[in-house]
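Trainee: Here's my sequence, what's the structure:
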Amino acid sequence: MLPVALTTTLVFVVVGIFTGLGSALLGARLYSAGPGLEPGFELNVIATVVLGGTCLAGGRGSMLGTVAAAILFATLSNVLNLNHIDVFIQRVIVGLVLLLALSIEGVRQRLVEHWSRK
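Mentor: Residues are numbered from 1 along each chain as shown. Below you'll find the model as predicted:
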C-alpha cells in the first residue's frame, strides 16, 4: 500500500527545492531577481517536456528524453543567439518545434489506435 499523503507531501517538497534552486540559478545568471524575470519561460519548459516524450493528455515520459530535449533546446537557443536572431523569432521557432512535436505525437497515437483495432 502506497502512503498517498506522505508521497504527495514529498513531491511538493522536492518541487519546492528544485524551484528554489532553479530560481537561484536564474538570478545568478541574470545578476538580479524579481517576479517578472524571463517572461514566457513556461513555453520553453512545456516544449522541453513534450519533446522529451511526455504526453500533454497524461501519461508517462522518460527522464532521459526530457534531458535530451533540454540539451536540444539549449543548443538551439545558443545557435540562434550566435546568429543574432531576434528574440521574437526565437520564440516563434520554439513554438513551431512544439507544434511539430505535438503533431508527431498525435499521428503516432492515431497509428497505435488504428493498429490496435486490427
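Trainee: the helices in the protein, which residues?
Mentor: Using DSSP state H, the helices of the chain run over 4-30, 41-51, 63-82, 87-117.
Trainee: winner for burial among the ones you listed?
Mentor: Mean neighbours per residue, mean count of other Cβ atoms under 10 Å, is largest over the helices of the chain for helix 41-51, with a mean of 17. (Each C-beta comes from the backbone N, C-alpha and C, glycine too.)
Trainee: which helices and strands sit right next to that helix?
Mentor: Applying 3 or more Cβ pairs under 8 Å, 6 or more residues apart in numbering; DSSP states H and E, one finds that helix 41-51 contacts helix 63-82, helix 87-117.
Trainee: Please state the offset of the lowest-mean-pLDDT helix or strand in the chain from the chain centre?
Mentor: When the helices and strands of the chain are scored by mean pLDDT, DSSP states H and E, helix 41-51 comes last with a mean of 80. Relative to its chain's centre, helix 41-51 lies at 3 Å (Cα atoms, centre = their mean, to the nearest Å).
Trainee: Contacts for it, please.
Mentor: 56, 61, 65-66, 69-70, 72-73, 91, 94-95, 97-98, 101-102, 105 (Cβ atoms under 8 Å, 6 or more residues apart in numbering).
Trainee: Compare the helices and strands packed on helix 41-51 and give me the one nearest Pro39.
Mentor: Closest to Pro39 of the helices and strands packed on helix 41-51, according to Cβ to Cβ: helix 87-117, at 10.2 Å.
Trainee: So which other helices or strands are in contact with the closest one?
Mentor: Identification of packing neighbours for helix 87-117 by 3+ Cβ pairs under 8 Å, 6+ apart yields helix 41-51, helix 63-82.
Trainee: Could you check how far it is from the centre of its chain?
Mentor: Remark: helix 87-117 is offset 14 Å from the chain centroid, using Cα atoms, centre = their mean.
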